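In: Here is my input, please return the structure:
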Amino acid sequence: MSRNTPSGAARSAVALAGFFAVAGLQLAVVLLILWAVLSVLPSAVALRAGAPLSIATVGALGYATWRALHTRRRTPAGVAVTREQAPRLWELVDGAAAAAGVTPPDGVTVVADATAVLGEHTRMLGLLGGRRDLYLGLPLLQALPPGRLRAVVAHELAHGSPGLGRWAPLAYRGRIAVGRMVPRISRRDPAGVVLRAYAGFYRRIDAPFSRAQELAADRIAAEHAGVADTVAALRDLPALAGMQRLFHAEYVGPGWQAGYVPDDVFGGLLRVLAARSTEMTMLRATAPEPSGPWDTHPPLTERVAALAPSPSTPAAPVSAPGQASVSGSAPSSPEDPPAPEATGEPGGDEPPEKAGDPDEELVPDLPALGRALQAVAFPPRGRSVVSWDECLSVARTTEMEREAEAALAAISRASDAPVPDAAHLLTLVADGRLRAAAGAVFPDAPPEEITARIVDLLGLMLALAALRSGVARWRHSWTGAAEVIAVDGTNLNLAELAAAAADPETTEAVRAYLTEAGVDLAAPPDERAAARARVLGGLVNLSADGARTDLLVTDLGLLLVPGLPRGRGAEAKRRLTRIAADGVPAAAETSAERRFVPFADVAGVTVLPGRRKGWMLGLRDGGGLTLKPSLDADELPGGWAAWDEAVTFLARTR
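Out: Here you go, the predicted structure:
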């Protein structure tokens, strides 16, 4: 590092301590203003009012300041791995700690995300350190060869290296603590404005040193694990994280929302990594976006250039499962051949096996560790644990059922008649009424778009009818989209049938063909899945029609839960977090404990004026719901943003 870096670390540490000075100064200024106002009042009035007002001001602003500066560190759900359980993994960690010049972490915990983080239980915004734990993502253990994993661990531990300056560990701890604190400061916190402003100043002071610290940690990792493995690891981490996001969005998430969870989540991730080598290559070639304003990492190109200024330095692709083992003692060569592509349906094949001697594995029996991690990272919470094939089949069907329900509800309102299934829909087509109803739903759409929407709806309903009748099934792939096929594996040509059904002259011919094929066009929906609405955010301590209420914003509506008494805000947030984690049933109903207001039942929303803004939701049954924030209103992360988006959506679409 440059000779200016230690002074940069000291400036960062001093700026960190400035948070407490700013907080105290803010309180002193408010008290001085209060006493200045009291000084112009008659002495008798000032004496009677001064003490209560001063105590109230100190109490209110002091509590608000404490809430803003108090950082609760959420411990990731994971499985602790002891030295006895994984001695070779701990040897890797000890070697990285020695290279960084720090003591090994107090514990190693395997977590679900594709990440590596050194967490420390700090106090006073990081001014005081505490227990250090290394959190390693299971996807890293699954996909990275030992050399790259060694580089990742060395980089994380190097943030606390004394070689970066005496104040470097404190500066890094403080930066992490402030990065957690600032997003949690409520916009209704009276002490938050000044502290957020000072946080911006602190970030500008800290930025030069934080970037230099990240580059120095990269150099320590390269000296320990080698430049090639370090550069490859820098590219692998964002690529693995991106592939895991895709995996959850396309495979885990839909089943989770449908009320199902696969019996081997991380085995599915292995299959996706093995099957989608092309996507991995594309992700590795894409520069990752900064994770947020408090992301201290320089751009990836700058980090790679600092490590390997020569353009001849090779950059190896991430090893796919079955190609390179995490158990080998030597780093994988950057010239490893590409992994064979895995195909086939989910659940049909076993996960690719790791190469190498089992006695040399970093973590013995990694699949068993994956199952143990799934139990804590993906607890079923009332969901059914099934095979991957059944989970994906139910998930896709449930998504289609929800889409069909919304579309048929709109068509029913436009045609002034119930349209519950495909049989009724074909009748509307044959009578020439479906186009008129679709035109009423989409009044500004051109004729060709109306036709396309009708064909899409018919294709959706015919596929659902075939699935409900047992004539069709899902065929899934780890490499692409799922498709509906006949039970014998042949193509159903549903797109062609939907196009023919959209023509009133051939509608009845399509109906006869499908009936002869065994498709019940009036078959009821599949009731196996207890679908969950997706929770977008939560608010604590609102007033709903005058009653203290907590609220969850979902993609289908609002769940209102009776609030707890004042002074139990932390308990209320924990309770609402548990409710959100358990899932809100898509068909949630109002009960004595909870009230669910579907967005479909909201006719309009009006913003109520006043110092404390409120909202009036008009319901289609003629009723209404008035919501206002209380003085102690709070949010789960992203709660107010989710609420603002919901209000905008309701105001725009009603």
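In: Low-confidence stretches in the stretch 551-654 of the chain?
Out: 586-592, 610-612, 653-654 (pLDDT under 70).
In: mind listing the helices for it?
Out: 569-582, 639-653 (DSSP state H, counting those that start in this stretch).
In: looking at those helices, which is closest to Ala305?
Out: helix 639-653 (36.4 Å; Cβ to Cβ). C-betas here are computed from N, CA, C, even on glycine.
In: What helices and strands are in contact with the closest one?
Out: If contacts are counted by 3 or more Cβ pairs under 8 Å, 6 or more residues apart in numbering; DSSP states H and E, helix 639-653 sits against strand 535-544, strand 547-554, strand 602-608.
In: In JSON lines, list the ones you listed along with mean neighbour count.
Out: As requested, those are exported to JSON lines (neighbours: other Cβ atoms under 10 Å):
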{"stretch": "strand 535-544", "mean neighbour count": "22"}
{"stretch": "strand 547-554", "mean neighbour count": "22"}
{"stretch": "strand 602-608", "mean neighbour count": "15"}
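In: thinking again about what came up before, export the helices of the stretch 551-654 of the chain to a markdown table and tack on mean neighbour count and distance to Gly537?
Out: Formatted as a markdown table, the helices of the stretch 551-654 of the chain follow (neighbours: other Cβ atoms under 10 Å; distance: least, Cβ to Cβ, whole Å):
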| stretch | mean neighbour count | distance to Gly537 |
| --- | --- | --- |
| helix 569-582 | 16 | 9 |
| helix 639-653 | 16 | 3 |
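In: so can I have TSV of the ones you listed showing distance to Ala452?
Out: Formatted as TSV, the helices of the stretch 551-654 of the chain follow (distance: least, Cβ to Cβ, whole Å):
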stretch	distance to Ala452
helix 569-582	37
helix 639-653	21
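In: quick one: which of these is nearest Ala509?
Out: So among the helices of the stretch 551-654 of the chain, helix 639-653 is nearest, using Cβ to Cβ, at 37.5 Å.
In: could you check the angle helix 569-582 makes with that closest one?
Out: 60 degrees (axes from the mean of the first three to the mean of the last three Cα atoms, to 10 degrees).
In: quick one: contacts of helix 639-653?
Out: 187, 536-540, 551, 553, 558, 599, 602, 604-605, 607, 615, 617 (Cβ atoms under 8 Å, 6 or more residues apart in numbering).
In: just how off-centre is it within its chain?
Out: The chain centre lies 19 Å from the centre of helix 639-653; the measure is Cα atoms, centre = their mean, to the nearest Å.
In: wait, doesn't Gly119 sit right on Tyr135?
Out: Yes: judged on Cβ atoms under 8 Å, Gly119 makes contact with Tyr135 at a distance of 5.8 Å.
In: Let me see the ranges of the strands in the stretch 1-150 of the chain.
Out: With strands called from DSSP state E, counting those that start in this stretch, the stretch 1-150 of the chain shows them at 78-81, 107-111, 116-120, 132-137.
In: Dump those strands to a markdown table, plus mean neighbour count.
Out: Compiled in a markdown table, these are given as follows (neighbours: other Cβ under 10 Å):
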| stretch | mean neighbour count |
| --- | --- |
| strand 78-81 | 18 |
| strand 107-111 | 21 |
| strand 116-120 | 19 |
| strand 132-137 | 22 |
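In: Out of those, which gets nearest to Ser477?
Out: From the strands of the stretch 1-150 of the chain, taking Cβ to Cβ, the stretch that ends up closest is strand 132-137, at 25.4 Å.
In: Pull up the pairing partners for that closest one, direction included.
Out: Neighbouring strands of strand 132-137 in its sheet, by DSSP bridges, are strand 107-111 (parallel), strand 116-120 (antiparallel).
In: for the longest strand along the chain, packing partners?
Out: Secondary structure of the chain per DSSP state E: the longest strand is strand 624-635. When contacts are defined as 3+ Cβ pairs under 8 Å, 6+ apart, strand 624-635 packs onto strand 535-544, strand 547-554, helix 569-582, strand 614-619.
In: Ala423 reaches Ala523, doesn't it?
Out: No: look at Ala423 against Ala523 with Cβ under 8 Å: they stay out of range, at 9.0 Å.
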